[in-house]
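*Asks:* Structure here, sequence nowhere to be found:
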């Protein structure tokens, strides 16, 4: 089974509304704290999508329409002690972000129309790595 590893920290999908577009027209120093937080969240998501798409172009990879398996390797928090990191390494990741939001960000980045996807298996696991990555087997 072929596999591709995308060495990029997995990020969840961020829902945006038409109202969010105003955040990009207001200078940052005039934004409220929640507005500034929201704008930075949206900017990080947009940058993630661009970087992921570019990475896939470099690798010559496109999401297959055939069944595939996606594993999101999410980095452990820096504040965890060595014992906890060793205990949870490669174990199921059962907290936020939700797996469907991680997949939605992946699909939105790599496909214009993702309705052709009909069979996908998803997993998210902890990894003792500062960045994490995404593995796709097809």
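*Replies:* That came through, no problem. Model, not experiment: these values are computed from the prediction.
*Asks:* gap between the helix or strand residue 39 falls within and the chain center?
*Replies:* Counting by DSSP states H and E, the element that carries residue 39 is helix 33-59. On the basis of CA atoms, centre = their mean, to the nearest Å, helix 33-59 sits 10 Å off its chain's mean C-alpha point.
*Asks:* elements contacting that helix?
*Replies:* Counting by 3 or more CB pairs under 8 Å, 6 or more residues apart in numbering; DSSP states H and E, the packing neighbours recorded for helix 33-59 are strand 3-6, helix 99-110. Backbone N, C-alpha and C define where each C-beta goes, glycine included.
*Asks:* Turn those into JSON lines, including distance to residue 51, mean pLDDT and mean neighbour count.
*Replies:* JSON lines is the format used below for these (distance: least, CB to CB, whole Å; pLDDT from 0 to 100; neighbours: other CB atoms under 10 Å):
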{"stretch": "strand 3-6", "distance to residue 51": "10", "mean pLDDT": "96", "mean neighbour count": "15"}
{"stretch": "helix 99-110", "distance to residue 51": "9", "mean pLDDT": "94", "mean neighbour count": "19"}
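*Asks:* In stretch 11-27, which residues are buried?
*Replies:* Of all the residues in stretch 11-27, those buried under the rule 16 or more other CB atoms under 10 Å are 11-14, 23.
*Asks:* measure that stretch end to end?
*Replies:* 26 Å (CA to CA, to the nearest Å).
*Asks:* if we can go back for a sec, what about the helix holding residue 39, average pLDDT?
*Replies:* For helix 33-59, mean pLDDT rounds to 96.
*Asks:* Now residue 11: closest residue in space that isn't a chain neighbour?
*Replies:* Using CB to CB, 6 or more residues apart in numbering and skipping residues adjacent in sequence, the residue nearest residue 11 is residue 48, 4.5 Å away.
*Asks:* Lovely, talk soon.
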